[in-house]
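*Asks:* need the 3D shape of this:
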Amino acid sequence: MQMKLTCMISILSVLVSVIASSMSDAAEKITVSYSSRTYAFLPAQVAVAKGFFKDENLDPLLIQMRSQVTVPALLSGEVNYTLSFGNIIAGAMQGMPFKILAVLTDKPLHHIVARPEIKTIADLRGKRIGAQRIGGSDQLAAEAILQAKGLDLKEVQFVTLGADEPVRAEMLRKGLVDAICVAPPGPNRLAREGFNVLGGPKDLRIGSPISAVAATDSRIKNKRDETKKVLRAVVRGLRFIHERKEEVIPIMVKWLNQTPDVARDSYDLILPSFSLDGSTIDKTFEFAIDARKATVKSDKPIPLSQVRDISLLREIQKELRSANLEAPVR
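*Replies:* Got it, this is the predicted structure:
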């Protein structure tokens, strides 16, 4: 009897140890928001598809959420991390406890597409350019492209359409506006219909990011190891996009429900927009801040330290270099 009891205790001890070990090895659940199903957030989708989050023992739930809702969701803890940029940097400029940890797109993905009779940027003088909203990523991208091409912004009229890209494209087709600023695959599709692509990311010396990795100050402080894991997984996704075109295209096809031909054409258009390793130059952040000062109703100087924390990114970049995983040179 004593022997049976001893055996049962031993078995129970082993089971408890196994259960405890399984619980400690269980992937940590995190929630990550993104604002729309577009290429701007492709690095995170690649990180999921290729198991980069799994490598970090993380179980991510990616939630599509309007950028306006992201701010309160992040503050309340309903969302742990976000891939949004515009609303987060605007909030940080106003004193909210947010930090950009890395950028995904250091240039906008958008291209200006105009009606068939409009052949050049100069032809847009006096014309109406449709935008989702003034101060939105598409409108800021259009401004940056126009300025890079030498057109004074006072010579065009921006019109708020308040609609997603497919609806804005339909408004262009109906002649309600003369041009719009859309991300791939929009430019490819419209070009096949006879519309003209007048400019895009390749025209920009200084960009304006539209996606990033961001979190609250408290999350960064209290969950620093977790935050670093999230960041490393997404940076690996970024690098994978630059290095493995043929493996990225099927992910694009599946995620955005596209044909391989559309995804392949889009890949070549979007690649110049993506950061190589999550970093960008200071002037890019300064441009993003200046572009939003009117929106947040502030004209005071805002230090970069108020809106970003790149300490973890630098650690990750150093580790990747040490592992002989240098980012590709474009």
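
*Asks:* in the sheet, who's paired with the residue nearest to the spatial centre of the chain?
*Replies:* Geometric centre of the chain, nearest residue: residue 211, 2.5 Å, by C-alpha atoms, centre = their mean. Residues in a beta bridge with residue 211, per DSSP bridges, are residue 84, residue 105.

*Asks:* so who does it touch?
*Replies:* Contact partners of residue 211, counting by C-beta atoms under 8 Å, 6 or more residues apart in numbering, are 34, 40-41, 83-85, 103-105. (Each C-beta comes from the backbone N, C-alpha and C, glycine too.)

*Asks:* again, 6 Å this time
*Replies:* Residues counted as contacts of residue 211 (C-beta atoms under 6 Å, 6 or more residues apart in numbering) are 40-41, 83, 85, 104-105.

*Asks:* in TSV: these, plus neighbour count and distance to residue 77.
*Replies:* Shown next, in TSV, are the contacts of residue 211 (neighbours: other C-beta atoms under 10 Å; distance: C-beta to C-beta, whole Å):
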residue	neighbour count	distance to residue 77
40	27	24
41	25	21
83	23	17
85	24	20
104	28	23
105	29	26
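
*Asks:* relative to residue 170, which of these is nearest.
*Replies:* Nearest to residue 170 out of the contacts of residue 211 is residue 40 (C-beta to C-beta; 21.4 Å).

*Asks:* read off the pLDDT value for that closest one.
*Replies:* pLDDT for residue 40: 88.

*Asks:* how about residue 329?
*Replies:* Reported pLDDT for residue 329: 37.

*Asks:* and the strands in the stretch 201-330 of the chain?
*Replies:* With DSSP state E, counting those that start in this stretch, the ranges of strands along the stretch 201-330 of the chain come out as 211-216.

*Asks:* any regions of it where pLDDT drops low?
*Replies:* Counting by pLDDT under 70, the stretch 201-330 of the chain has low-confidence residues at 324-330.

*Asks:* the helix or strand hosting residue 71 versus strand 211-216: what angle between them?
*Replies:* In this structure, residue 71 sits in helix 67-76 according to DSSP states H and E. Angle of helix 67-76 versus strand 211-216, following axes from the mean of the first three to the mean of the last three C-alpha atoms, to 10 degrees, is 30 degrees.

*Asks:* go through helix 67-76 and flag the buried ones.
*Replies:* With burial defined by 16 or more other C-beta atoms under 10 Å, the residues of helix 67-76 counted as buried are 67, 70-71, 73-74.

*Asks:* who are the packing partners of that helix?
*Replies:* strand 81-84, helix 86-93 (3 or more C-beta pairs under 6 Å, 6 or more residues apart in numbering; DSSP states H and E).

*Asks:* what is the nearest of the buried residues of helix 67-76 to residue 296?
*Replies:* Nearest to residue 296 among the buried residues of helix 67-76, with distances taken as C-beta to C-beta, is residue 71, at 12.5 Å.

*Asks:* is it true that the closest one touches residue 89?
*Replies:* No - counting by C-beta atoms under 6 Å, residue 71 stays clear of residue 89, with 11.2 Å between them.

*Asks:* the domain parsing of this structure - what is it?
*Replies:* Under automatic domain parsing, the residue ranges defining each domain of the chain are 27-107+208-322, 111-203.

*Asks:* now do the shortest one: distance to the chain's middle.
*Replies:* When distances are taken as C-alpha atoms, centre = their mean, to the nearest Å, domain 111-203 is centred 21 Å away from the chain's centroid.

*Asks:* which residue is the nearest non-sequential neighbour of residue 133?
*Replies:* residue 160 (5.5 Å; C-beta to C-beta, 6 or more residues apart in numbering).

*Asks:* so where do the helices sit in this protein?
*Replies:* 2-25, 42-49, 52-55, 67-76, 86-93, 137-148, 165-173, 186-192, 217-222, 224-243, 245-256, 260-270, 282-292, 311-322 (DSSP state H).

*Asks:* mind listing what's buried in the second one?
*Replies:* So the one you mean is helix 42-49. 42-49.

*Asks:* wait, residue 114 sits on residue 197?
*Replies:* No - Residue 114 is not in contact with residue 197 according to C-beta under 6 Å; the separation is 8.2 Å.

*Asks:* which of these two has more residues huddled nearby?
*Replies:* For residue 114 and residue 197, the more surrounded residue by other C-beta atoms under 10 Å is residue 114, and the numbers stand at 24 against 16.

*Asks:* partner residues bridging that one?
*Replies:* Going by DSSP bridges, residue 114 forms beta bridges with residue 179, residue 196.

*Asks:* what of residue 59?
*Replies:* residue 29.

*Asks:* wait, it sits on residue 27?
*Replies:* Yes - using C-beta under 6 Å, residue 59 is in contact with residue 27, at 3.9 Å.

*Asks:* what number of residues lie near residue 66?
*Replies:* Neighbour number of residue 66 under other C-beta under 10 Å is 12.

*Asks:* show the model's pLDDT score for it.
*Replies:* On the pLDDT scale, residue 66 is placed at 83.

*Asks:* distance of it relative to residue 302?
*Replies:* 25 Å (C-beta to C-beta, to the nearest Å).

*Asks:* equivalent analysis for residue 208, please.
*Replies:* Distance of residue 208 to residue 302, computed by C-beta to C-beta: 15 Å.
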